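Trainee: Structural data only, the sequence is not supplied:
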C-alpha cells in the first residue's frame, strides 16, 4: 500500500436533524455541492457570520458529510489541521475562516502551509460587497476592499467570485491549482450576498474529472541522459534527498538509484523522511545543520544530485564557504514555479549544471533506468551514537529513548519534532515515519499539524506522535479539544523547558559579542513563576494529561501510559519537564 492511500476511516460527526424536502436552492448550496464533487473530505473551521450561508449548506443541504465540519477553537489550528492532513495524504482538505478577522488569525498558518508546499483550500467570506446591503457596523468592519491581499503573497491563487456560476468555476480552478506541483494553499473569498442568493434549480455541475490537476511533468530524455552520464561516471557522487512525496514507489526508486550508483545520501530534518536513515549509504543522521565532517564530505563530491533539496544554495555555501562550487550540480525540482518577491522562502540561488524541472518522483525512475551501475567503494559509514539520557533529570534524549522503548515493534508517525532534536535518536524507514517541520518556522503549528496528521492516519494502524516544544504547544493548545471532541487518537509529548529557549541562545550570543552578561539571557524568555500546568490544560479539553514528569525514573512509565491510551483510541499529552539545552543545532 502506498503511504498516500492511508486515508482516514472517518471520525465522530455531529448529525443534523433531517429537514423537509429541499424546495429552494441557495447560492451556498451550489458551492457546497462543488466541495462534495471535488472530494473535499473535511472542513476545519472556526465559525463566523460572514459564511453563515455556507455553514447552513454544509449542515442542512449536505447533512454534514463529504465534507464534514471539524470545529476548531482558533483559525490557526484549523489551517494547521488541514496542513497535517495533507502532509500525510498529499490530499487537499479545506479550512474555513471568518471574514478579514479570521483570515488575519489564520495568516501565519497559511504561510507555514505555503512554505511546506502542501495543497489546501482555504475558504473565506466577506460582505456584503454591495454597501447598500450591509448591516450597520458589523458588516462594515468585516468587509475589506481586497481581502485576498492579506495572503496573496503566500498563496498560489486567490479569487472573490461575483456570482454563483463564477463561484463554481473558482472552486474548480482553486482545486486544480492547489494540487498542481509545486502544491500550495489557495484562497477563495465568498461574498455573503452570493451565499444567500436564491438560484432556483441547482445549476448543472461540470464533470470535475475534466478539471483535475495535470499529471506530473517528466523531464526530457536528453536531460535525463546527460544527468545519468554524469552520475554513472562520477567518482564520488552524493544524493540530497529533499522534498519528496509520501508514496512507497518513490521511496523505493530513490533507494534503488542510490544502490545502483553506490551513492551516499543525506536527508534533512526540516522535511519529511525521504530515505531510510539506517541504510549503509545514508551518510550521516538527518539534521537541520550538518557538522564539519558531513560538510567536508559534501565539498569533496564531484557530482551532487539534489532531489528538491530545501535551501540547496545555503547548503553549498556552508560546504564550500567562499570557494567556487567544484561539484557538478544536478537539480531536480519544479519549485521555481512558486518563487515570488515578497517572501524569500526560495532561499539562496544555487549554481546548477543540469536542471530537471520536475518533481523527484518523475525523474528518479528515469535516472534509474538510464544510469550505469557504479562499483566504486564507498567509505564506511561513520558510527554516530545518539545522545544518552542525562542522569536523574528529564532530558530531550531521555524522551527519545522512552518513546523508542514504548513503540518498539509499532508503526509510528512523528508528526513534528522540536528544534534541537538529534537526527540520531531514531531511524526512519518509511515515508510516513516522519513528516518534517512546519514549513515557515511559525511557532504554534505543532498541535494542529499533529491533529490533522492523526485524522489522516486514523484506522491505518500507525501511531501519530507529535513531539512539541512548550512555546509551540501553549500558542495553539486548543487543537487538543478538536482531537478529543472528534475522537482523533494522537499523542503529544511536550519537551517543556519552560522557556523560549532558542531565543535565550540568541540573546547569549548577542551579549557575548557586546561584552555584556550572558547570565541575563533568560529575562523575557522564561515561562515560569507561575509554572503552567500543561497536563491540566489537556485534561480541561477532554484529553488525558500526564505530568509534569520531573524525574527521569518516571518518564518511561508516563510515555508507556500515553502510548497505551492512544493505542486504545484516546488523546493524550505528556508534559516532560526537560532540562534546557539542545542535542542538535537549530
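Mentor: Perfect, thanks for sending it. Computed from a predicted structure; not experimentally measured.
Trainee: ok, now which ones touch residue 265?
Mentor: In this structure, residue 265 makes contact with 238-241, 254, 258, 275, 279, 281-283, judged by C-beta atoms under 8 Å, 6 or more residues apart in numbering. The C-beta positions use only the backbone N, C-alpha and C, and glycine is treated the same way.
Trainee: neighbour-wise, which of those leads?
Mentor: Within the contacts of residue 265, neighbour counts (other C-beta atoms under 10 Å) peak at residue 239, which reaches 29 neighbours.
Trainee: where does that residue land in three-state SS?
Mentor: What DSSP: H, G, I helix; E, B strand; the rest coil gives for residue 239 is strand.
Trainee: Next SSE downstream of the helix ranked longest in the chain?
Mentor: The longest helix of the chain (DSSP state H) is helix 99-116. Counting by DSSP states H and E, the next helix or strand C-terminal to helix 99-116 is strand 120-126.
Trainee: Buried residues in that next one, which are they?
Mentor: By 16 or more other C-beta atoms under 10 Å, the buried positions in strand 120-126 come out as 120-126.
Trainee: Please produce JSON lines containing the contacts of residue 265, extended by pLDDT and distance to residue 368.
Mentor: As requested, these are exported to JSON lines (pLDDT from 0 to 100; distance: C-beta to C-beta, whole Å):
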{"residue": "238", "pLDDT": "98", "distance to residue 368": "17"}
{"residue": "239", "pLDDT": "98", "distance to residue 368": "12"}
{"residue": "240", "pLDDT": "98", "distance to residue 368": "17"}
{"residue": "241", "pLDDT": "98", "distance to residue 368": "14"}
{"residue": "254", "pLDDT": "98", "distance to residue 368": "9"}
{"residue": "258", "pLDDT": "98", "distance to residue 368": "10"}
{"residue": "275", "pLDDT": "98", "distance to residue 368": "14"}
{"residue": "279", "pLDDT": "97", "distance to residue 368": "16"}
{"residue": "281", "pLDDT": "97", "distance to residue 368": "14"}
{"residue": "282", "pLDDT": "97", "distance to residue 368": "18"}
{"residue": "283", "pLDDT": "96", "distance to residue 368": "20"}
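Trainee: ok, of the residues you listed, which one's closest to residue 201?
Mentor: Using C-beta to C-beta, residue 254 comes nearest to residue 201 of the contacts of residue 265, at 51.6 Å.
Trainee: Run through the neighbouring helices and strands of whichever strand or helix holds the closest one.
Mentor: Residue 254 is part of helix 248-260 when elements are defined by DSSP H and E. Packing partners of helix 248-260 (3 or more C-beta pairs under 8 Å, 6 or more residues apart in numbering; DSSP states H and E): strand 237-241, strand 264-267, helix 360-370.
Trainee: Relative to residue 427, which of those is closest?
Mentor: strand 264-267 (11.1 Å).
Trainee: Measure how far the closest one is from the centre of its chain, please.
Mentor: The chain centre lies 22 Å from the centre of strand 264-267; the measure is C-alpha atoms, centre = their mean, to the nearest Å.
Trainee: residues of the helix or strand immediately after that strand in the chain that come out buried?
Mentor: Next helix or strand after strand 264-267 toward the C-terminus (DSSP H and E): helix 292-299. Of the residues in helix 292-299, 294-295, 297-299 count as buried by neighbour count, 16+ other C-beta under 10 Å.
Trainee: Give me the spatial nearest neighbour of residue 568, chain neighbours excluded.
Mentor: The shortest distance from residue 568 to any non-neighbouring residue, by C-beta to C-beta, 6 or more residues apart in numbering, is to residue 489 (7.9 Å).
Trainee: ok, now which ones touch the one you found?
Mentor: Residue 489 neighbours (C-beta under 8 Å, 6+ apart): 454, 458, 464, 483, 566-571.
Trainee: okay, the helices and strands packed on helix 248-260 in a markdown table with distance to residue 170 next?
Mentor: As requested, the helices and strands packed on helix 248-260 are exported to a markdown table (distance: least, C-beta to C-beta, whole Å):
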| stretch | distance to residue 170 |
| --- | --- |
| strand 237-241 | 37 |
| strand 264-267 | 38 |
| helix 360-370 | 29 |
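Trainee: Quick one: closest of those to residue 479.
Mentor: strand 264-267 (27.7 Å).
Trainee: Let me see the mean pLDDT of the closest one.
Mentor: Averaged across strand 264-267, the pLDDT comes to 98.
Trainee: Who does residue 463 form a beta bridge with?
Mentor: Beta bridges link residue 463 to residue 412 when assigned by DSSP bridges.
Trainee: how close does it sit to residue 569?
Mentor: 11 Å (C-beta to C-beta, to the nearest Å).
Trainee: Could you do residue 263 as well?
Mentor: Taking C-beta to C-beta, one finds residue 263 at 43 Å from residue 569.
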